[in-house]
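Chemist: sequence-free structure coming up:
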Ligand SMILES: [Cu+2]
């Protein structure tokens, strides 16, 4: 008999736990979200096609607000939501696009799919 009483009580408790966990998540979607962070990566981009490719690919990454590549310096500047992503994940996204990110070497398959003009053996052009 005691078991019959505790079971619904347990169900009630776990339900209120779920509510407690979901409730604080709601304000993060509003204006009280953490301020965007900025990260910079040195890439192996060499031309405007690389710029377009990387910026487009980063735009699809979770938590990315903006991505701008400066071709002459090969620097990629990413503005992101720190609660959604982090610099390591962003570097990995750059690698998967076929480019080096700092000391992380480009994903070989993605790199091999790049047109010849975008290979890192070329000088910036
Ligand atoms: Cu290119």
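Modeler: In hand now; what should we look at? Since we're looking at a predicted model, the values are computed, not measured. Numbering: from 1, shown residues only.
Chemist: mind listing the strands for the chain?
Modeler: 37-42, 64-70, 75-80 (DSSP state E).
Chemist: Please tabulate the ones you listed in TSV, including the columns mean pLDDT.
Modeler: Formatted as TSV, the strands of the chain follow (pLDDT from 0 to 100):
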stretch	mean pLDDT
strand 37-42	98
strand 64-70	98
strand 75-80	98
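Chemist: Out of those strands, the one nearest the ion is which?
Modeler: Closest approach to the ion among the strands of the chain is made by strand 64-70 (10.3 Å; C-beta to the ion). No exception for glycine: its C-beta is placed from N, CA and C like everyone else's.
Chemist: Most tightly packed of the strands of the chain?
Modeler: Neighbour counts (mean count of other C-beta atoms under 10 Å) averaged over each of those peak at strand 75-80, with a mean of 20.
Chemist: List the neighbouring strands of that one plus their orientation.
Modeler: Sheet pairing of strand 75-80 (DSSP bridges) gives strand 37-42 (antiparallel), strand 64-70 (antiparallel).
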